[in-house]
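J.: 3D, please:
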Amino acid sequence: MRMQHDGRRGHSNLPKILFGAAGVLMVIALVIIMTSDDKSTEQPGPKPGEPTKTDPKAGTKTGAKTGTQTGTKTGVKTGTKTGIRPVPQTPKALEAAMNKLVGPSPITTPTDDKATAIKSYVEGMRLYKNAGSFLKARTLLNKAYRAGLRGGVLSTTDLNTCRTALLDLSAKTVLHRTAAYNPEDPYIVGHRWAPGELLNSTRNPATRMVTREGIIAKCDLCTGTKIVPWYNGLASATQFRAGDYYKLLIGPFHMVVYRSQCVADIYLQDLLVKRIRVAVGKADTPTPLGEFRLPSWGDKSAKSPYTPPVTAGRGSGQIYPGEPGYPLGAKGYYVKIEGIKEKGTDIPVSRGYAIHGTSDPSSIGTPASYGCIRVGAADMEFLYYALIGYADPNDPTVNWKRFSTISIQK
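T.: As a prediction, the model looks like this:
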């Protein structure tokens with residue numbers, strides 16, 4: 001009986017023994033997998049002072065303190081290693097980075113060759129005259145016009161005809177002062193106004209931080225706020241009605257000044273939308289050529305005091321709105337500009353160049369200023385609200401993506 005009893009007890013423990021053995025084998029297999037040379041598994045780095053296991057030359061690739069360098073391979077490529085001077089970027093690389101930040105614009109978007117431009121002009125004019133697709137005609141004529149500005153592409157007559165038709169199409173689409181829009185227009189986004197929704201951003205004067213809590217942020221627009229009611233045919237933002245649809249121009253706007261002609265083309269991204277007359281610098285105080293932008297902060301002011309330049313011969317005192325000799329017009333709009341170094345224009349904002357209104361409308365269309373760009377009252381108000389400052393990627397207080405450029409050409 002005892003032997004039988006022992007036999008039954010031994011038989012009943014066999015599953016437990018087998019299960020335990022299987023568990024041990026699973027643990028061993030798991031350890032082997034974890035310690036295998038799997039490149040997709042993150043390996044712990046060496047302790048300070050120890051050489052890396054992946055390189056026989058101690059401390060050449062990892063963060064080990066070997067007295068030669070610190071940082072990872074990524075740090076070597078980006079110039080972020082401690083104690084290692086960053087590799088300087090070439091002017092061409094800096095310009096390419098700036099062009100990417102600007103986005104589509106008259107100074108960044110490539111132009112078509114002559115044959116393509118002529119075909120675009122012919123087809124675009126055919127569609128325009130026959131009341132065909134406005135968007136397709138506008139696209140073709142815009143390409144033809146921008147290529148034609150190089151010279152030797154379109155005749156002077158054709159170039160002027162192209163510009164006139166293009167401005168008419170832009171006035172009927174993006175700048176048409178109504179909420180109606182074509183949902184296929186690439187320069188517009190539609191938005192249905194929600195109850196209690198805000199349009200404008202607010203700026204904290206203490207931190208300079210812009211709280212993008214309204215439509216400007218939600219739809220990621222790169223324009224001023226007050227121009228939005230204007231191109232929707234409204235007097236102010238208080239007239240937006242909940243439940244209605246409105247058009248929003250994505251932006252930004254850009255400006256190309258032709259100094260010898262005293263005119264400026266206004267672009268929405270790379271689309272010509274407006275041409276205005278301006279006054280530029282006199283022969284002895286010329287407006288500088290080059291590529292400019294608005295500073296990130298403090299770029300605009302209204303009812304701005306005016307400080308005459310030394311060349312004006314008026315002394316150094318400021319002239320305020322309403323005082324005799326105040327030159328900036330009834331609303332005193334003043335927009336500072338600075339050169340874009342990455343585009344070869346090294347003119348700091350401290351040089352005092354600006355786009356501003358004028359109290360002498362008769363000077364518009366002539367070389368009459370001390371170097372600034374004078375603009376008539378209605379056009380200056382448009383620019384004041386349309387242009388947007390530099391989207392400095394290194395400034396944490398800047399939270400918009402694109403910015404306006406001002407190109408001043410001969």
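
J.: Following the chain past the host helix or strand of Ala115, name the next helix or strand.
T.: Using DSSP states H and E, Ala115 sits in helix 114-129. Next along the chain after helix 114-129, taking DSSP H and E as the criterion, comes helix 134-148.

J.: Check which helices and strands the helix or strand following that next one sits against.
T.: Later in the chain than helix 134-148, the nearest helix or strand by DSSP H and E is helix 156-172. Applying 3 or more C-beta pairs under 8 Å, 6 or more residues apart in numbering; DSSP states H and E, one finds that helix 156-172 contacts helix 114-129, helix 134-148, strand 271-281. (Glycine included, C-beta is placed from N, CA and C.)

J.: per-residue confidence averaged over helix 156-172?
T.: What helix 156-172 shows for mean pLDDT is 97.

J.: Now do the next helix or strand after it: which elements does it pack against?
T.: With elements assigned by DSSP H and E, the helix or strand that comes after helix 156-172 is strand 188-192. If you count contacts as 3+ C-beta pairs under 8 Å, 6+ apart, strand 188-192 packs onto strand 245-249.

J.: elements contacting the strand it packs on?
T.: Using 3+ C-beta pairs under 8 Å, 6+ apart: strand 245-249 touches strand 188-192, helix 227-231.

J.: The first one pairs with which strands, parallel or anti?
T.: Sheet pairing here is set by DSSP bridges, and for strand 188-192 it gives strand 245-249 (antiparallel).

J.: which residues are in contact with the partner strand?
T.: Strand 245-249 is contacted from outside by 174, 179-181, 187-193, 215, 219, 221, 223, 227-228, 231-232, 240, 268, using C-beta atoms under 8 Å, 6 or more residues apart in numbering.

J.: between it and strand 271-281, how many degrees?
T.: 50 degrees (axes from the mean of the first three to the mean of the last three C-alpha atoms, to 10 degrees).

J.: What average pLDDT does strand 245-249 get?
T.: Rounded mean pLDDT across strand 245-249 is 97.

J.: Pull out the buried positions in that strand.
T.: Applying a neighbour-count criterion of 16 or more other C-beta atoms under 10 Å, one finds 246-249 buried in strand 245-249.

J.: go on, stretch 288-306?
T.: 290-296, 299-301, 304, 306.

J.: Any idea how far apart the tips of that stretch sit?
T.: 20 Å (C-alpha to C-alpha, to the nearest Å).

J.: what's the answer for stretch 142-161, then?
T.: 12 Å.

J.: Now tell me what touches that stretch from outside.
T.: Under the criterion C-beta under 8 Å, 6+ apart, residues 106, 109, 111-114, 116-118, 120-121, 124-125, 162-163, 166, 270-272 lie in contact with stretch 142-161.

J.: and the closest residue to Glu291 other than its chain neighbours, how many residues sit next to it?
T.: Nearest non-adjacent residue to Glu291, counting by C-beta to C-beta, 6 or more residues apart in numbering: Lys343, 3.8 Å away. Using other C-beta atoms under 10 Å, Lys343 has 21 other residues around it.

J.: how long is stretch 251-264 end to end?
T.: End residues of stretch 251-264 are separated by 18 Å (C-alpha to C-alpha).

J.: Return the closest of the buried residues of strand 245-249 with respect to Ile347.
T.: Among the buried residues of strand 245-249, Leu249 lies closest to Ile347 (C-beta to C-beta), at 29.0 Å.

J.: Distance-wise, check the closest one relative to His191.
T.: Look at Leu249 and His191: by C-beta to C-beta, to the nearest Å, they are 11 Å apart.

J.: same deal with Gln269?
T.: 18 Å.

J.: Break this protein down into its structural domains.
T.: The record's domain parsing of the chain by automatic domain parsing lists 106-174, 188-250, 253-409.

J.: so how far is the first one from its chain's centroid?
T.: From the chain centre to the centre of domain 106-174 is a distance of 25 Å (C-alpha atoms, centre = their mean, to the nearest Å).

J.: That domain: end-to-end distance?
T.: 17 Å.

J.: what does stretch 232-244 give?
T.: End-to-end span of stretch 232-244 (C-alpha to C-alpha): 12 Å.

J.: again, but for stretch 310-328
T.: Chord length of stretch 310-328, first to last residue, is 17 Å (C-alpha to C-alpha).

J.: tell me the mean pLDDT for that stretch?
T.: 83.

J.: And stretch 216-223, by the same measure?
T.: 88.

J.: which parts of it are buried?
T.: 216, 221-223.

J.: Stretch 362-377 now?
T.: Buried, per 16+ other C-beta under 10 Å, within stretch 362-377: 363-365, 367-377.
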